[in-house]
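1. Pasted the sequence and its predicted model underneath.
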Amino acid sequence: MARVSIANRAKLSAQLSWLLLRGGLRQFAGRINGHPVLRWPLVPRKADRLLIAPQDLRTADATRASEIYSVRFAFAGKVVICDGRSIFEMTPPSDEWATEILGFSWLRHLRAAESGIARANARALVDEWMALQGSWHPIAWRADVLSRRIISWLSQAPLVLQDADVRFYRRFMRSLLRQIRYLRHTAGDAHRSVAGMQACIALCYAALCIAGQGRHIQSMTTWLCNEIERQILPDGGHVSRDPGAIIEVLLELLPLRQAYSSRNIAPPPALLNAIERMMPMLRFFRHSDGTFAHFNGMGVTPAELLLTLLAYDDSRGAPLWNAPHSGYQRVETGGSVLIMDTGRAPPIETSLDAHAGCLSFEFSSPKQSLIVVNCGMRATARDEWRQLARSTAAHSTAMLNGESSARFIEGQTFRRVLGGSPMVGGPSHVSVSREELSDSLTLRAGHDGYADRYGILHERTVTLAADGTRLDGEDLFLAADGGPQIRGKRDQYTIRFHLHPSIKASRLTDGRGVLLMMPNKEVWTFSAGDNRVQLEDSVFLAGNDGPRRAAQMVINGQARSAPRVIWSLAQANPGALATAGTVRRVRENEPRLPL
């Protein structure tokens, strides 16, 4: 940030300092609340009874029950096999694995087995946790993990408590109530994101599902409404700009709405309005093949969860085309779908997983082939790829001088206190305009993410033909001061178009185009006019089977001498493959993207 004004630097420094201070205070408060001397007031005097059990919308797999019964616990890409000890005495192979096992969401797999053995196994594991970690554990009693466990225990109570004796029932209820009371004291420790929403939802569930907790319904409902107002944007997106957050929040809000109705209590209007706003956003981010677009931390598309959630969409209308508050645009004609990131950087406190992908886009064809993508984010072991996946280089857009359009504050202190790396210095102004004609639809957008550093604005225009078989694009680099020419000396740009790993790409011998073969035998051609196109290695991180090798089309140039890059992506006649002599397969020794 060499050219950032002193005032802006001071403001940014103050924001980061306040963020660290608040995060540190939350951690300190959590340690204080967890001290043995202060934990005794949280022990309930009596064990109340359960009134209702909320529905769990997550998909269950009965085959996983046999693995758990065989003391084989596979979570977050890691497998732990017990050696005669309790699973809760084993050393977790990763924090992600520990979060999964201690959140108890895997109880749904045991419930799906519908057997006495599965029920007995569930009770035994819950009993082991209460004995070993029921008093305190640094991860198990963390606000986000605690919220997930409370929701899981409430929703899977029929599994755990069926056939249970009175003694276990009382232990279970005492432990559950103690966790609920503790969460009421520490819910503020949860980061201002989906975790904070889940903490609020967990306490609403508790107030609705447990006898004797009714006095908390009003206060928890008020808190829920405030959290919804803060996190759910007017267009239905999430304040973090992560499409996956919409799925996670809806998976809890839909059963919560039913829980209110089951208690003959009218769900709060804020809850109903949030669901109505978020449902269309599910369709907004869906490609022609049904997968979710890979923006701002979105990883593997949970197809079964999407279908479950969409079954609750009563309107079943066409998706939105403009999400101005979330910062996305959708262009859909002839069955083809283009989704573009046109948003400014989110607030620092919600930017821990945000990506520097402004003006990146994804494109899918009328025949449901995903063609141009972003690299996305892994579902597990995210820390291994987080830094590179968040960079501009991992997105289908332009970057200047090898730098991202936003900066990430890396450091052990931030990761330890905040749980991630804040994003700063991203685009502060993004312009968007659309034009619809009889034969095409045009989207034009620009951002100033490089203006402070290099005095350059990036503008991108895409035009999708009415039949969806041709996408024309233009990337333009302008002087940020409005002058006729870019003045800075550093003006090297790189425009990347990441391809889905299922695509076979072949470069034309003239070096100015690429032939793309889809799995369904569709053929598309990419051309860049007078610009040379390179085929380089890439990596697709959002696959169900982990990172997959892919290819990317790359155009390099200098903004002063060649400020305009015109390109097109068009469906070709299958006969184009007959010109095999005019193409060249991507070679192993091609330059590699540093991912």
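-> That came in fine, so what should we check first?

2. What are the buried residues along stretch 120-135?
-> Along stretch 120-135, the positions that meet the burial threshold by neighbour count (16 or more other Cβ atoms under 10 Å) are 121-123, 125-130, 133-134. For every residue, glycine as well, the C-beta is placed using N, CA and C.

3. correction: stretch 397-407
-> For stretch 397-407, burial by neighbour count (16+ other Cβ under 10 Å) applies to 397-400, 403-407.

4. Tell me which of these has the lowest pLDDT.
-> Looking at the buried residues of stretch 397-407 by pLDDT, the weakest one is Arg407, with 91.

5. For the stretch 201-350 of the chain, which segments are assigned as strands?
-> For the stretch 201-350 of the chain, the strands identified by DSSP state E, counting those that start in this stretch occupy 322-323, 328-333, 336-341, in order along the chain.

6. which one of the buried residues of stretch 397-407 sits closest to Pro93?
-> Compare each of the buried residues of stretch 397-407 with Pro93 using Cβ to Cβ and the shortest gap goes to Ser404, at 31.0 Å.

7. thinking again about what came up before, tabulate the buried residues of stretch 120-135 (TSV), appending pLDDT, distance to Val194 and secondary structure.
-> Below are the buried residues of stretch 120-135 laid out as TSV (pLDDT from 0 to 100; distance: Cβ to Cβ, whole Å; DSSP: H, G, I helix; E, B strand; the rest coil):
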residue	pLDDT	distance to Val194	secondary structure
Asn121	97	30	helix
Ala122	98	26	helix
Arg123	98	30	helix
Leu125	98	26	helix
Val126	98	25	helix
Asp127	98	30	helix
Glu128	97	29	helix
Trp129	98	24	helix
Met130	97	27	helix
Gln133	96	24	helix
Gly134	94	26	coil
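
8. So, low pLDDT: which residues of this structure?
-> The chain contains residues with pLDDT under 70 at 1-47, 189-192, 317, 411-419, 574-595.

9. just to revisit the earlier point, and which of the buried residues of stretch 120-135 is nearest to Asp467?
-> The nearest member of the buried residues of stretch 120-135 to Asp467, counting by Cβ to Cβ, is Ala122 at 54.3 Å.

10. List the residues that contact that closest one.
-> With contacts defined as Cβ atoms under 8 Å, 6 or more residues apart in numbering, the neighbours of Ala122 are 107, 110-111, 156, 159-160.

11. about what we covered before: return the most buried member of the strands of the stretch 201-350 of the chain.
-> When the strands of the stretch 201-350 of the chain are scored by mean count of other Cβ atoms under 10 Å, the highest mean neighbour count falls to strand 336-341 (a mean of 27).

12. hmm, who's touching that strand?
-> Applying Cβ under 8 Å, 6+ apart, the external contacts of strand 336-341 come out as 284-288, 293, 295-296, 327-332, 357-366, 395, 397, 443, 445, 460, 462, 464, 468-469, 471.

13. so where do the helices sit in the stretch 51-200 of the chain?
-> With helices called from DSSP state H, counting those that start in this stretch, the stretch 51-200 of the chain shows them at 62-69, 95-103, 107-113, 116-133, 143-155, 157-161, 166-186, 194-209.

14. What ranges does the stretch 401-550 of the chain have for its helices?
-> In the stretch 401-550 of the chain, the helices defined using DSSP H, counting those that start in this stretch lie at 412-418, 451-454.

15. burial measure for the spatially closest residue to Asp467 that is not a sequence neighbour, as a count.
-> The shortest distance from Asp467 to any residue other than its chain neighbours is 4.1 Å, reached at Gly334 (Cβ to Cβ, 6 or more residues apart in numbering). The number of residues packed around Gly334, counting by other Cβ atoms under 10 Å, is 15.

16. OK, contacts around Gly334?
-> Listed by Cβ under 8 Å, 6+ apart, the contact partners of Gly334 are 366, 464-469.

17. Check Leu107 too.
-> Applying Cβ under 8 Å, 6+ apart, one finds that Leu107 lies in contact with 122, 152-153, 156, 159-160.

18. now with 7 Å?
-> Each residue near Leu107 by Cβ atoms under 7 Å, 6 or more residues apart in numbering is listed here: 122, 152, 156, 159.

19. Between the residues you listed, which sits nearest Val424?
-> When those are compared for distance to Val424 (Cβ to Cβ), Ser152 wins out at 35.8 Å.

20. burial count for the closest one?
-> What Ser152 shows, counting by other Cβ under 10 Å, is a neighbour count of 21.

21. My guess is it contacts Ile101. True?
-> No - assessed by Cβ atoms under 7 Å, Ser152 is found out of contact with Ile101, at 11.3 Å.

22. Return the distance of the closest residue to Ile217 other than its chain neighbours relative to Ile52.
-> The shortest distance from Ile217 to any residue other than its chain neighbours is 4.5 Å, reached at Ala207 (Cβ to Cβ, 6+ apart). Separation of Ala207 from Ile52 (Cβ to Cβ, to the nearest Å): 12 Å.

23. Who has more neighbours out of the two?
-> Ala207 (21 against 15).

24. contacting residues around the more buried one?
-> Contact partners of Ala207, counting by Cβ under 7 Å, 6+ apart, are 213-214, 216-217, 220.

25. Using ChimeraX, define a selection of the buried residues within those residues.
-> Buried members of the contacts of Ala207 can be picked out in ChimeraX with the line below, counting by 16+ other Cβ under 10 Å:
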select :213,216,217,220
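
26. What about the contacts of Ala207, which are in helices?
-> By the criterion of DSSP state H, membership of the contacts of Ala207 in helices covers 217, 220.

27. biggest separation within the contacts of Ala207, which pair?
-> Between any two of these, the greatest separation by Cβ to Cβ is 10.5 Å, found for Gly214 and Met220.

28. Run a quick neighbour tally on Lys78.
-> Using other Cβ under 10 Å, Lys78 is surrounded by 17 other residues.

29. Which strand residues bridge it?
-> Listed beta-bridge partners, Lys78: Phe75 (assigned using DSSP bridges).

30. my guess is it contacts Ala98, does it?
-> No - Lys78 is beyond contact range of Ala98, at 9.7 Å (criterion: Cβ under 7 Å).

31. tell me the contacts of His500?
-> Contacts of His500 were listed using Cβ under 7 Å, 6+ apart, and they are 370-371, 373, 540, 550.

32. One more pass at 6 Å, please.
-> With contacts defined as Cβ atoms under 6 Å, 6 or more residues apart in numbering, the neighbours of His500 are 370, 373.

33. any idea how far it lies from Leu305?
-> According to Cβ to Cβ, His500 and Leu305 sit 21 Å apart.

34. just Arg241 next, same as before
-> Computed with Cβ to Cβ, the distance linking Arg241 and Leu305 is 20 Å.

35. Where do the helices of the stretch 251-400 of the chain begin and end?
-> With DSSP H, counting those that start in this stretch as the criterion, the stretch 251-400 of the chain has helices spanning 269-284, 303-310, 386-389.

36. Tell me how many other residues surround Ala465.
-> The local packing count at Ala465 equals 17, with neighbours defined by other Cβ under 10 Å.
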